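Chemist: Give me a model of this one.
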Amino acid sequence: MKASKLENSKLENPLAFKTPVSVLVVIHTTDLQVLLIERADKEGFWQSVTGSVETEDAGLIDTAVREVMEETGIDAMQHKLTDWQTSNTYEIYPHWRYRYAPGVIENVEHLFGLELPAPAAIKLAPDEHVNYEWVDWREAAKRVFSWTNVDALRRLGERHGLTL
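Modeler: Alright, predicted model coming up:
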């Protein structure tokens, strides 16, 4: 099988590999409407904002702020961004492992919440996401594809005295 251009560039430049440390940011309103975005590379795969720590990031909060801006156009610094002080470790899906250094099969994902007063218009990064919706947090938990995203949505409810 022929390697893709991206796969070849990773082999030629190991610094191009993704860091197996990331953030997941649940963007929600005060009444717990949650922003879901659909992945461009996997039709029907809905998720919250996610992204890996990059070398220019000073830390996890900087990564969360950068990813929210890149994926939604929202300036997280203008809203209530909260580090939930928790993380999940998960096995990287085999079809996405080429993005990481050889032998890397797990990622540590740190959870954040971003509260907005009301649903906002979103400016998607078209190479990453093709659609967005604001839905009730319980509906969001039914639609996201990863267990870590379900866990983050469950935690959002718990932070407001609710359960799935």
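Chemist: wait, what's in contact with residue 65?
Modeler: 76-77, 81 (Cβ atoms under 8 Å, 6 or more residues apart in numbering). Glycine gets a C-beta too; all of them are placed from N, C-alpha and C.
Chemist: Including secondary structure, could those go into JSON lines?
Modeler: Below are the contacts of residue 65 laid out as JSON lines (DSSP: H, G, I helix; E, B strand; the rest coil):
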{"residue": "76", "secondary structure": "helix"}
{"residue": "77", "secondary structure": "helix"}
{"residue": "81", "secondary structure": "strand"}
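Chemist: so which of those is the most crowded?
Modeler: When neighbours are taken as other Cβ atoms under 10 Å, the top entry among those is residue 76 (21 neighbours).
Chemist: Can you give me the neighbour number for residue 54?
Modeler: That count, for residue 54 with other Cβ under 10 Å as the rule, works out to 12.
Chemist: just to revisit the earlier point, just put the contacts of residue 65 in a markdown table and tack on pLDDT.
Modeler: What follows is the contacts of residue 65, written out as a markdown table (pLDDT from 0 to 100):
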| residue | pLDDT |
| --- | --- |
| 76 | 98 |
| 77 | 98 |
| 81 | 98 |
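Chemist: Can you add distance to residue 114 and give those residues back as CSV?
Modeler: Output for these, formatted as CSV (distance: Cβ to Cβ, whole Å):
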residue, distance to residue 114
76, 5
77, 10
81, 5
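Chemist: between those residues, which is closest to residue 60?
Modeler: Using Cβ to Cβ, residue 81 comes nearest to residue 60 of the contacts of residue 65, at 10.8 Å.
Chemist: how much space between the closest one and residue 65?
Modeler: Separation of residue 81 from residue 65 (Cβ to Cβ, to the nearest Å): 7 Å.
Chemist: Also residue 121?
Modeler: 19 Å.
Chemist: And for residue 25?
Modeler: Distance, residue 25 to residue 65, using Cβ to Cβ: 9 Å.
Chemist: In the protein, what helix or strand scores lowest on average pLDDT?
Modeler: helix 5-12 (a mean of 43; mean pLDDT, DSSP states H and E).
Chemist: Just after that one, pick out the following helix or strand.
Modeler: strand 21-29 (DSSP states H and E).
Chemist: what helices or strands is the next helix or strand after that next one leaning on?
Modeler: Proceeding N to C from strand 21-29, the next assigned helix or strand is strand 33-39, under DSSP H and E. With contacts taken as 3 or more Cβ pairs under 8 Å, 6 or more residues apart in numbering; DSSP states H and E, strand 33-39 sits against strand 21-29, strand 46-47, helix 60-72, strand 129-136, helix 137-143.
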